[in-house]
Each structure stands twice: as C-alpha cells, then as structure tokens.
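Asker: would you be able to build a 3D model of this:
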Amino acid sequence: MTITKQTVADRIAAYLHHEITLAQLVDWAEQAMMDGELAEHDAATLATVIARLGVADVRAFGLAWEDCEELLRKLGFSSRVEVVAV
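Answerer: Numbering: from 1, shown residues only. Okay, here's the model as predicted:
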C-alpha cells in the first residue's frame, strides 16, 4: 500500500481525535519507515514527517499540538479546533 500525504494526515487526525494512542501512532510511523512505500512525488516530505512521528515517544521530542499543526502544514493540510458541549 502506498503511503500518501492523506494517509499520514489521517493518522495524525486519528491521534488528535483520541482514536489511536501515541504509542500506536509511533508504532505505525516506525513500521511505515521500514516497510512503507512512500508516494514517489512526495517521498521527501513524507519521510520527514513520518520520521518525526516515529520519535514522538522519546521525551526529548514529544508531540505537542503545535507539532501536529506543523506536520499537517508540511503535508498541505490545516487543523481546526471545534469545541462542543458533551
């Protein structure tokens, strides 16, 4: 399966929506770097973003909201926060 900008953006969104954990995001990124077939025309950007996600569980790196915004921006996406009553 070819990994595209949309694929990576969807994974980040799943993390931000609490559908997957940070550990699951990191595991996916590590696996994608080892086995994934990156879309050729976006390979450099994808490799940079996925590599950053792969070290998000290391204390020195972490993954803050601002990091997610920047990674999404590199992929050509923007983020938006919606606050709703529960």
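Asker: all strands for this structure, in order.
Answerer: Assigned by DSSP state E, the strands in the chain fall at 2-3, 37-38.
Asker: what are the pairing partners of the first one, and which direction each?
Answerer: What it means is strand 2-3. strand 37-38 (parallel) (DSSP bridges).
Asker: on that earlier part again, which one of the strands of the chain lies nearest to Leu46?
Answerer: strand 37-38 (4.5 Å; C-beta to C-beta). C-beta coordinates here come from the backbone N, C-alpha and C atoms, glycine included.
Asker: what's Val55 sitting at in phi/psi?
Answerer: Val55 adopts backbone torsions of phi -110, psi 10, taken as degrees, to the nearest 10.
Asker: can you pull the contacts of it?
Answerer: Val55 makes contact with 26, 61 under the criterion C-beta atoms under 8 Å, 6 or more residues apart in numbering.
Asker: for it, give its distance to Met33.
Answerer: As judged by C-beta to C-beta, to the nearest Å, Val55 and Met33 stand 10 Å apart.
Asker: same question, Glu82
Answerer: Counting by C-beta to C-beta - Glu82 and Met33 are separated by 31 Å.
Asker: name the nearest residue to the residue nearest the centre of the chain, ignoring sequence neighbours.
Answerer: Residue closest to the mean C-alpha point of the chain, counted by C-alpha atoms, centre = their mean, is Ile12 at 4.0 Å. Residue nearest to Ile12 in three dimensions, not counting chain neighbours: Cys68, with 5.6 Å by C-beta to C-beta, 6 or more residues apart in numbering.
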